[in-house]
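Trainee: please find the sequence and the predicted model below.
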2 protein chains.
Amino acid sequence: MTIYDISQKSGVSTATVSRVINGSNAVSKRTREKVLKVIADCGYTPNIFARGLGLNTMRVVGILCADISDPFMSQAISFLEKEIREQGYDVLLSCTGMEMKNRRKGLDLLLSKNVDGVIFVGSNYVEAERSENAYILEAADKAPMMILNGRLDGDNVYCVYCDDKAATMSATVWLLESGRRRVAYMFQSHSYSSLKKLEGYRQAYLNAGLSVDETLIIECGEEASIPDMMEGLSQAAAQGVVFDSVVTAVDGMAVAALKYAHSAGLEVPGDLEIIGFNNSPLCACTEPEITSVDNKLYSLCHTCVSTLMRVIVGEEQPKHSVFSSELILRGSTSRGKVIDG
Amino acid sequence: MTIYDISQKSGVSTATVSRVINGSNAVSKRTREKVLKVIADCGYTPNIFARGLGLNTMRVVGILCADISDPFMSQAISFLEKEIREQGYDVLLSCTGMEMKNRRKGLDLLLSKNVDGVIFVGSNYVEAERSENAYILEAADKAPMMILNGRLDGDNVYCVYCDDKAATMSATVWLLESGRRRVAYMFQSHSYSSLKKLEGYRQAYLNAGLSVDETLIIECGEEASIPDMMEGLSQAAAQGVVFDSVVTAVDGMAVAALKYAHSAGLEVPGDLEIIGFNNSPLCACTEPEITSVDNKLYSLCHTCVSTLMRVIVGEEQPKHSVFSSELILRGSTSRGKVIDG
DNA sequence: TTGTAGGCGTTATCAC
DNA sequence: GTGATAACGCCTACAA
């Protein structure tokens, strides 16, 4: 069943059928209805490949992420997919893990399918070191690159992110103002975002006129599991590091901190206050629930997609869209209003 | 840069270039090398749309799910995506929610992109009522339909699932054999899988020579949140329903049950034992951790993709692949070996 | 408002 | 082993 069959059955030319399909208004009402009826009767759908060949697009945007089984990423992708679909585009998904070689390959594969744009998901997907991101800058030649929760400057590269430095700073300040003096900071990756958060942590101490105790900065391996991270805290404690609160780079680490507290017989928030990052559903699964930095994921995703769509149609768009975070108070901190189950 | 340019620059025909690109061995070594060099020099890549038009495939499989932000689904999709990519196919993702109209539309959209196969993810995606699934049977005309964690019989429809009835039965039996007599069952959807689980719950009581108290079967709304589900248990308790343990249809409900216990001042597992379903990462985030039914998600996904690939190349394949589950013991139950943090 | 015809870039089928 | 050339199905000037 091709456009040619339809044109025959409805006694018009293929051009007219094409016009009807594409909603051109240069078709008489009578003709349109006649053709539409034949199309409906035959259950005809245009061949997407032929159309792609002519138009040089299949209306698809590629999404690249390290690991979709991560709750934060899957939440992001859930938002993105919905927005993208509403714009009449499809989503090609590629999960590459963190290995650079695979990230490159994933992007190339997406480009080889002539996607109309690429979205990089995950604060840890874009490296702090600019040279590491060269492959993205090159790719931007072929399609717009959208960086969600990361920063990268380049032609045809657009970033949508939360001010992570300010966010971690205010989380740390919150604890300092609650009277805590030994705020630990836990993090994993060396992404741009991760380093910004660390800066924010330091800034909070500096602004308070206090100096930073470097032993309070606890780094876990890139692939650390919950037990690994608990172990990290245990070891720090065993080595004499004293901390009365923890700020973490992601919620998963906050869960680990909570479980560490439980295993060490510490009461939360009395003995240990904990603040996570991302305000993911995980925060509502624990007891007590976890205070976390809401980095406005929905807004980020919405802006990301709408910016991309405008770029695709050739509109000038801001290279950076920056949102502010918000501290969502729950039971793992003691001061202020508490939202808990 | 087209295949024609390459043919000119290397002084051969487009046919030969095409042969080289596609690894045909009917090309002399000399010619091949010459062409390969030109291709490399020009950085030429074949136009994917033109190729799609000729071959009538773009090597893409569609994945359909209700909600990728659900940890279980995102884990499944993570596994599936990896396997699919290893087979040289790309993944087109569509999250449709549970509304039937949208599920239909999602499938149609995927089919209109001429995907080589469709995978339905999620035990609650395929309905118990066969007539509700008619749209899938029709679609099977155009591409193989793979049902992950659900059952549906039809031409070109393949199912890969865990024996949910047996799984829930053994979870319930486990509690009965621990001496519990008031095992509640919590569930949400009316999917095939969900009904099978309920059957398993009933069967456990029957096999033990006990009768089922229908008030112990607690149904939550399709879209119930954790607080909603906690409320469901509270209400049941308030209405005089006595239960000493809970089996749930998904882990999220087990989290809710745990939080209910906490709010009601019940000790877990002493006053209330809890068993979840799916063995998702959530189970390791709570205190105590949650005993859950492992339904062998990785194996399901692996088999699903390898079956699909074989179907695509025309091999005869089993219409049903059934796996057995396993109860993973953690701190929310009291008997036997406990894996906990 | 409608029709004709050429082009999009590959692959496949023939001959040679 | 290689080269012409005809599909593949749609879109879109350009003509009428």
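Mentor: Received the coordinates, thanks. Predicted, not measured: the structure shown is a model, and the values here were computed from it. Residues are numbered from 1 along each chain as shown, chains lettered A, B, ... in the order given.
Trainee: for the residue lying farthest from the centre of chain A, what are its contacts?
Mentor: Distance from the C-alpha centroid of chain A peaks at residue A:11, with 51.1 Å (CA atoms, centre = their mean). Going by CB atoms under 8 Å, 6 or more residues apart in numbering or on different chains, residue A:11 touches residue A:34. (C-beta placed from N, C-alpha, C; glycine too.)
Trainee: tell me the SS of it?
Mentor: Classification of residue A:11 by DSSP: H, G, I helix; E, B strand; the rest coil places it in coil.
Trainee: tell me the helix or strand right after the host helix or strand of residue A:79.
Mentor: Residue A:79 belongs to helix A:71-86 when assigned by DSSP states H and E. Next along the chain after helix A:71-86, taking DSSP H and E as the criterion, comes strand A:90-95.
Trainee: what lines up beside that following strand in the sheet?
Mentor: Sheet pairing here is set by DSSP bridges, and for strand A:90-95 it gives strand A:60-65 (parallel), strand B:90-95 (antiparallel).
Trainee: ok, the closest residue to residue A:215 other than its chain neighbours to residue A:216 distance?
Mentor: Among residues not flanking residue A:215 along the chain, residue A:241 sits closest, at 4.8 Å (CB to CB, 6 or more residues apart in numbering or on different chains). As for residue A:241, its distance to residue A:216 is 7 Å (criterion: CB to CB, to the nearest Å).
Trainee: ok, now residue A:100?
Mentor: For residue A:100, the distance to residue A:216 - CB to CB - is 31 Å.
Trainee: which one's more surrounded, the two?
Mentor: A side-by-side neighbour count of residue A:100 and residue A:216, using other CB atoms under 10 Å in any protein chain shown, places residue A:216 first with 20 against 12.
Trainee: so who does that one touch?
Mentor: A:182, A:183, A:184, A:185, A:241, A:243 are the contacts of residue A:216 under CB under 8 Å, 6+ apart.
Trainee: tell me what the helix or strand where residue A:302 lies is packed against?
Mentor: Using DSSP H and E, residue A:302 maps to helix A:297-312. Under the contact criterion of 3 or more CB pairs under 8 Å, 6 or more residues apart in numbering or on different chains; DSSP states H and E, helix A:297-312 touches helix A:71-86, strand A:117-121, strand A:145-148, strand A:157-162, strand A:320-323.
Trainee: tell me the buried residues in the helix or strand just after the second one?
Mentor: Toward the C-terminal end, the helix or strand that comes next after strand A:117-121 (DSSP H and E) is helix A:134-139. Of the residues in helix A:134-139, A:136, A:137, A:139 count as buried by neighbour count, 16 or more other CB atoms under 10 Å in any protein chain shown.
Trainee: so how far is helix A:134-139 off the chain centroid?
Mentor: Centroid separation for helix A:134-139 versus its chain: 19 Å, with CA atoms, centre = their mean, to the nearest Å.
Trainee: got the confidence number for residue A:76?
Mentor: Residue A:76 is assigned 96 on the pLDDT scale.
Trainee: quick one: contacts for it?
Mentor: A:65, A:121, A:122, A:148, A:149, A:297, A:300, A:301.
Trainee: again, 6 Å this time
Mentor: Counting by CB atoms under 6 Å, 6 or more residues apart in numbering or on different chains, residue A:76 touches A:121, A:297, A:301.
Trainee: between the residues you listed, which is closest to chain B?
Mentor: Within those, proximity to chain B (CB to the nearest CB) peaks at residue A:297, which comes in at 10.3 Å.
Trainee: which residues does stretch A:172-181 contact?
Mentor: A:183, A:201, A:204, A:208, A:244, A:245, A:247, A:273, A:335.
Trainee: top of the residues you listed by number of neighbours, please.
Mentor: That'd be residue A:247 among the contacts of stretch A:172-181, by other CB under 10 Å, with 31 neighbours.
Trainee: next, that one: secondary structure please.
Mentor: strand.
Trainee: okay, it: pLDDT?
Mentor: At residue A:247, pLDDT is 97.
Trainee: just residue A:340 next, same as before
Mentor: Reported pLDDT for residue A:340: 41.
Trainee: up against DNA strand C, what does chain A have?
Mentor: Chain A has residues A:11-16, A:19, A:26-28, A:30-32, A:50, A:53-54 near DNA strand C, with proximity defined as CB under 7 Å from any atom of the strand.
Trainee: if any of those residues are buried, give me the PyMOL selection for them.
Mentor: Restricted to buried positions by 16+ other CB under 10 Å, the PyMOL selection for these reads:
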select buried, chain A and resi 12+16+19+27+31+32+53
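Trainee: out of the residues of chain A next to DNA strand C, who's near DNA strand D?
Mentor: Contacts with DNA strand D within the residues of chain A next to DNA strand C, as defined by CB under 7 Å from any atom of the strand: A:14, A:15, A:19, A:50, A:53, A:54.
Trainee: take those residues and keep only those in strands.
Mentor: Counted as lying in strands by DSSP state E, out of these, is not a single one.
Trainee: in the residues you listed, find the pair that's most separated.
Mentor: The most widely separated members of these are A:19 and A:53, with 18.8 Å between them, by CB to CB.
Trainee: can you add pLDDT and give the buried residues of helix A:134-139 back as JSON lines?
Mentor: JSON lines is the format used below for those (pLDDT from 0 to 100):
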{"residue": "A:136", "pLDDT": "95"}
{"residue": "A:137", "pLDDT": "95"}
{"residue": "A:139", "pLDDT": "95"}
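Trainee: hmm, back to that, which of the ones next to DNA strand D among the residues of chain A next to DNA strand C are close to chain B?
Mentor: Filtering those for proximity to chain B (criterion: CB under 6 Å from any CB of the partner chain) leaves A:50, A:53.
Trainee: need the ones next to DNA strand D among the residues of chain A next to DNA strand C in CSV with pLDDT and distance to residue B:220, can you?
Mentor: As requested, these are exported to CSV (pLDDT from 0 to 100; distance: CB to CB, whole Å):
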residue, pLDDT, distance to residue B:220
A:14, 92, 54
A:15, 92, 56
A:19, 93, 51
A:50, 94, 48
A:53, 91, 50
A:54, 90, 50
